[in-house]
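Colleague: structure for the following, please:
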Amino acid sequence: MAERPAFLSSLTISGSATVREAMETIDRGARQIAVVVDADGRLLATVTDGDIRRGLLRGVGLDAPVTDVMHTEFTSVSDAEGHEVALNLMKARGLHQMPIVDDAGRLVNLALIDEVPGPKRRDTKVVLMAGGLGTRLRPMTETVPKPMLPIGDRPILELILHNFIDQGFHDFTIALNYKGDIIRKHFGDGSRFNASIEYVEETKRMGTAGALSLLPTRPEKPFIVMNGDLLTAIPFNALMRFHEETEAMGTMCARDYQMQVPYGVIEVEDTALRRIVEKPTYSYFVSAGIYVLSPNALDLVSTDEFLDMPTLFERIMSGGEKSSVFPIQEYWVDIGRPEDLEQARTDYQGVFQSAILGSATDD
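Modeller: Below is the predicted model:
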């Protein structure tokens, strides 16, 4: 039997761990999986990033036990069968990792569809929407488009670009409108960023989805669309994998948004008062401005049409196609107001930089 690889310890948690600890283990191990073992090292369950995201959608909290999201009906191979059998099984079943166990069920290795962890060069197209007027950020945006406002020593859009590049993405299209020449001049063809950048330019306001009709070539694979005024630390490879696993035409990233009602809320049945709840807090999923679309979603986008993303997703659903939601718990800020910009600038030296450095190694 081959020696147990050292990296397995970074992926291992116990059955008493929390969902948060599982997520941290997945991030730290950079293999998009955590493995649950007993005191003797026997494999009890696996937990992937997708398992956690689906749990969040069901209302499972990060402090809930990992047993609420872990997958006990996992597929594994014996160490006698080895990596070749594991690789064939992964290809046949569309899996990315495969535990290898000994005769006693103890984890001895982990086969990966991509053997070397870390960021890899990806051919996924990324479309960045950078044509907004930035009205709420005036007078700062009277001379500079919102995506070019500085955070630290770089414009917002450059931070976004570097975040994608650090995770292996290199094929970008930037949609321009307001003061787009400033953006085009700064980024050029992308070669100095080790990327390829092309541009589409709106001659009128077309919405976050309408501008997709301007793409010069239709993507052959699912692609990412993201607003050009967001800073986030989500692992984009996990987002793409989630989209693939859910077999959706469109995937919308969502943030948990809590709102407290400053009054006593009454619950009424017919004319009878049933309950009074003082200043309750309600929680909702809201759009985070990040999407994945399969190429056939573009069939629902007409040329020269104003179309926002919510309407496109309504068309997807009304046509009987599947839309999925990818909940995010990672760092995220939408820079729409002066206070958001100041918060992002404060975060840049701490939360954001450390979060980005962590996400760049996930795979």
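
Colleague: could you pull out the helices for the stretch 51-200 of the chain?
Modeller: With DSSP state H, counting those that start in this stretch as the criterion, the stretch 51-200 of the chain has helices at 82-93, 156-166, 180-187.

Colleague: mind listing what's buried in the shortest one?
Modeller: Neighbour counts using 16 or more other Cβ atoms under 10 Å place 180, 182-184, 187 of helix 180-187 among the buried residues. Any C-beta I mention is one placed from the backbone N, CA and C, and that applies to glycine too.

Colleague: re earlier: got CSV for the helices of the stretch 51-200 of the chain, with distance to residue 147 and mean pLDDT too?
Modeller: Shown next, in CSV, are the helices of the stretch 51-200 of the chain (distance: least, Cβ to Cβ, whole Å; pLDDT from 0 to 100):
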stretch, distance to residue 147, mean pLDDT
helix 82-93, 39, 79
helix 156-166, 4, 92
helix 180-187, 7, 91
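
Colleague: tell me the one of the buried residues of helix 180-187 nearest residue 98?
Modeller: residue 187 (40.5 Å; Cβ to Cβ).

Colleague: max-length strand in the chain?
Modeller: Counting residues, the longest strand found in the chain (DSSP state E) is strand 281-293.

Colleague: number of residues surrounding the residue lying closest to residue 323 once chain neighbours are set aside?
Modeller: Excluding the flanking residues, the one nearest residue 323 by Cβ to Cβ, 6 or more residues apart in numbering is residue 250, at 4.8 Å. By other Cβ atoms under 10 Å, 25 other residues sit near residue 250.

Colleague: how far away is residue 250 from residue 123?
Modeller: In this view, residue 250 and residue 123 are 20 Å apart by Cβ to Cβ, to the nearest Å.

Colleague: picking that back up, contacting residues for the residue nearest to residue 323?
Modeller: By Cβ atoms under 8 Å, 6 or more residues apart in numbering, the residues touching residue 250 are 291-294, 297, 312-313, 316, 321, 323-324.

Colleague: and the pLDDT at residue 53?
Modeller: pLDDT for residue 53: 92.

Colleague: equivalent analysis for residue 58, please.
Modeller: Residue 58 carries a pLDDT value of 90.

Colleague: residues near it, how many?
Modeller: Neighbours around residue 58, by other Cβ under 10 Å: 9.

Colleague: and the one 5 residues further on, by the same measure?
Modeller: Each residue near residue 63 was counted by other Cβ under 10 Å, and the total is 9.

Colleague: residues contacting it?
Modeller: Residue 63 sits in contact with 18-20, where contact means Cβ under 8 Å, 6+ apart.

Colleague: apply 10 Å and report the result again.
Modeller: Neighbouring residues of residue 63 by Cβ atoms under 10 Å, 6 or more residues apart in numbering: 18-21.

Colleague: swap in residue 143?
Modeller: 179, 182.

Colleague: any idea how far it is from residue 137?
Modeller: Distance of residue 143 to residue 137, computed by Cβ to Cβ: 12 Å.

Colleague: same check on residue 246?
Modeller: Distance from residue 246 to residue 137, by Cβ to Cβ: 35 Å.

Colleague: tell me which of the two has more neighbours.
Modeller: More crowded of residue 246 and residue 137, by other Cβ under 10 Å: residue 137, with 21 against 18.

Colleague: list the contacts for that one?
Modeller: For residue 137, the contacting residues are 144-146, 149, 229, 335-338, 340-341, by Cβ under 10 Å, 6+ apart.

Colleague: tally of neighbours for the residue nearest to residue 156 when sequence neighbours are not counted?
Modeller: In space, and not counting its chain neighbours, residue 156 is closest to residue 147: 5.2 Å by Cβ to Cβ, 6+ apart. Using other Cβ under 10 Å, residue 147 has 32 neighbouring residues.

Colleague: could you shift the numbering so residue one becomes 651, and keep it that way?
Modeller: With 651 as the first residue, the last one maps to residue 797.

Colleague: hmm, residue 797 is touching residue 824, no?
Modeller: Yes. The criterion here is Cβ atoms under 10 Å, and residue 797 meets it with residue 824 at 8.6 Å.

Colleague: can you list residues touching both of those two?
Modeller: Taking Cβ under 10 Å, 6+ apart as the contact rule, residue 797 and residue 824 both touch 778-781, 807, 811, 830, 833, 878.

Colleague: got JSON lines for these, with distance to residue 662 too?
Modeller: What follows is the shared contacts of residue 797 and residue 824, written out as JSON lines (distance: Cβ to Cβ, whole Å):
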{"residue": "778", "distance to residue 662": "38"}
{"residue": "779", "distance to residue 662": "41"}
{"residue": "780", "distance to residue 662": "43"}
{"residue": "781", "distance to residue 662": "47"}
{"residue": "807", "distance to residue 662": "39"}
{"residue": "811", "distance to residue 662": "35"}
{"residue": "830", "distance to residue 662": "50"}
{"residue": "833", "distance to residue 662": "46"}
{"residue": "878", "distance to residue 662": "40"}
